[in-house]
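Engineer: Mind folding the following:
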Amino acid sequence: MKTRHKVLGTVTALCLTAIGGVASASSHREAPAIGFDPAADNTDVWAWVNKGTHDKLNVVVAYNPLEEPSGGPNYNEFSDDVLYEIHITRGNKSLDDVVTYQIRFDSTDYPQVDPADLGKPLGGGKEFFSQLSGRTQTYTLTKVTKGKHTVLGRGLPVAPTNIGPNTNAVVYKTAKYDDAFAKTFIKELGGLGSEGRVWAGPRDDGFYVDIGRTFDLANLLTGKAVDGLAGFNCHAIALEIPTNLLTADGKPPSAGPSDDNTVGVWASASRRKFNILHRSSRSESWGPWVQVSRLGLPLINEAVIGLQDKDRYNRTRPATDVKNFGGYFLNPVIVRDAEAVGIYKALGVPQSTVDALKSSRLDIIETINLKDIPTPGAHQVPLTATGDVLRVDLGVDSGFPNGRPLAYGAAPNKEQADVTDVLLSVLLAKGTLPVSDGVNSNDKPFLTEMPYLALPWEGFSEGHGKPAP
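Structural biologist: Presented below is the predicted three-dimensional model:
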């Protein structure tokens, strides 16, 4: 028994000092191909039920990693050419969608006008400042159930970029870009909000991790932990869904754990199969949609799937994960990589312990399927219904990995759980030991209401540049 505790203690030291940040972020530029297509790059998925009442499922999905706040003159936005989707499965029999929410964006075109015609008012494509051009972006949200498409909202406005005080006053007609201004972009869906509410626009990137030391082959033994995502924005979609719309019988979820009332949430981005660039700088896309990015649980493609298969992973659906990628779940690459760079050896971890962590890891499958969460044997999910979805039991207060709440953290700048620490504890130590990457909170407090992520950083005063000497 003493020997066992000594070995586990060594593994704990390994996790805490050398390996905790091997994953760069929930899913930021995690695969070679999607690194060139940031507008379609899923970064995070959060999903949870309202504590106590369980009457709403809250879903927040984010795209476009590492947005520089001062990145004008053409600031970051959602892509009009991307199909953004939120997928929801139900029960333990299948990973087929029971409902899909499709979001398509549409931006105002820049008209061709004569720049010498000084009689024309402000607006159009002749302006130097993009925000004076009058360009706006709206979106349509469509609900798909059993092949039936129902438009829940059309022409919904996207919250604009947080550029600075001049833009606020002249273009946005508001004194400042604050929470009250951002809340005006929350829109009800269906009659009197019967289908929930939605919000879309730029926000603070809510993930936190030390990127710099991590990608120097997990060089975390020296130096001080730095949040590599601090001060960057993303583009997010927040969706609030009444839970009675998601249960099999259309009634509020019954209290207590239940496979029947457990949903799986994941998000994706797709592009048309064909695209032609014209000399006019415009492009034309057509053909079937091809999925280019996806995300359910945080860090799966980032930390579990090997580099050779990351692009393939983004092109497939969770229902095929066991067939296509089961070997990665049972034999986590992150453990073998830690061994390859000599970290286990440097810390004196016995080879028998390392070997036990490298293979036959059914514990990973059982964790993502909530087998013993919140109680032993609470959920029974067969391999045929196993895949990268964020499972949320609608009848139980959410707590990662049963959902991933932004709300209910120990402090305003903390999620309910530090998912990097939790998942790496599972991968590296079978969930029996605490793991930390040294970055334990966000750079801004989260909100307790929609859209939950903090206000986006302002381009005028909060960019990453340095003051001129």
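
Engineer: Touching, residue 92 and residue 263? I think so.
Structural biologist: No. Residue 92 lies out of contact with residue 263 (CB atoms under 8 Å); the separation is 10.9 Å. Every C-beta, even on glycine, is put in place using the N, C-alpha and C of the backbone.

Engineer: who has more neighbours, those two?
Structural biologist: Counted by other CB atoms under 10 Å, residue 92 and residue 263 do not tie: residue 263 has more neighbours, with 27 against 21.

Engineer: Double-check that the more buried one belongs to a strand.
Structural biologist: Yes. Membership of residue 263 in a strand is supported by DSSP: H, G, I helix; E, B strand; the rest coil.

Engineer: Would you agree it is in contact with residue 57?
Structural biologist: Yes. Between residue 263 and residue 57 there is a contact under CB under 8 Å: 7.2 Å.

Engineer: Now for those two: what residues contact both?
Structural biologist: With contacts defined as CB atoms under 8 Å, 6 or more residues apart in numbering, the residues adjacent to both residue 263 and residue 57 are 246, 392, 394.

Engineer: who touches residue 58 in this structure?
Structural biologist: Neighbour list for residue 58: 46-50, 238-241, 405-407, 450, 452 [criterion: CB under 8 Å, 6+ apart].

Engineer: Identify, from those, the entry nearest to residue 217.
Structural biologist: Nearest to residue 217 out of these is residue 46 (CB to CB; 30.2 Å).

Engineer: mind checking pLDDT for the residue sitting furthest away from the middle of the chain?
Structural biologist: Most distant from the centre of the chain: residue 119, at 46.6 Å, with distances by CA atoms, centre = their mean. With respect to pLDDT, residue 119 scores 82.

Engineer: Please apply the same query to residue 237.
Structural biologist: Among the per-residue scores, residue 237 shows a pLDDT of 98.

Engineer: Quick check: nearest residue in space to it, chain neighbours excluded?
Structural biologist: Spatial nearest neighbour of residue 237, chain neighbours left out: residue 200 (4.8 Å); criterion: CB to CB, 6 or more residues apart in numbering.

Engineer: Check residue 136 too.
Structural biologist: Of all residues not flanking residue 136 in the chain, residue 108 sits nearest, at 5.0 Å (CB to CB, 6+ apart).

Engineer: Surely residue 198 is in a strand?
Structural biologist: Yes. Looking at residue 198 with three-state DSSP, it is inside a strand.

Engineer: can you map out the strands along the stretch 101-250 of the chain?
Structural biologist: Ranges of strands in the stretch 101-250 of the chain, per DSSP state E, counting those that start in this stretch, are 137-145, 148-157, 187-189, 196-204, 233-242.

Engineer: could the ones you listed go into TSV alongside distance to residue 323 and mean neighbour count?
Structural biologist: Formatted as TSV, those follow (distance: least, CB to CB, whole Å; neighbours: other CB atoms under 10 Å):
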stretch	distance to residue 323	mean neighbour count
strand 137-145	25	18
strand 148-157	29	13
strand 187-189	36	18
strand 196-204	34	25
strand 233-242	30	25
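
Engineer: nearest to residue 297, of the ones you listed?
Structural biologist: It's strand 233-242; of these, that one is closest to residue 297 (CB to CB) at 18.0 Å.

Engineer: Residues contacting stretch 166-179 from elsewhere in the structure, which ones?
Structural biologist: 131, 132, 160, 162, 165, 181, 447, 455, 458, 460.

Engineer: buried residues in that stretch?
Structural biologist: Buried residues in stretch 166-179, counted by 16 or more other CB atoms under 10 Å: 167, 168, 171, 172, 177.

Engineer: Next, give me the two most distant ones among these.
Structural biologist: So, the buried residues of stretch 166-179 by CB to CB: farthest apart are 171 and 177, at 10.9 Å.

Engineer: ok, residue 337 to residue 214 distance?
Structural biologist: Distance from residue 337 to residue 214, counting by CB to CB, to the nearest Å: 12 Å.

Engineer: out of these two, which sits in the more crowded spot?
Structural biologist: Set residue 337 next to residue 214 and count neighbours by other CB under 10 Å: residue 214 wins out with 20 against 16.

Engineer: Would you mind measuring from the more buried one to residue 28?
Structural biologist: Distance of residue 214 to residue 28, given as CB to CB: 12 Å.

Engineer: One more: residue 242?
Structural biologist: Residue 242 is 32 Å from residue 28, where distance means CB to CB.

Engineer: repeat for residue 100
Structural biologist: Distance from residue 100 to residue 28, by CB to CB: 24 Å.

Engineer: Tell me which of those two has more neighbours.
Structural biologist: Under the criterion of other CB under 10 Å, the comparison of residue 100 against residue 28 puts residue 28 first, with 27 against 16.

Engineer: right, and the more buried one touches residue 229 too?
Structural biologist: Yes. Judged on CB under 8 Å, residue 28 makes contact with residue 229 at a distance of 7.5 Å.
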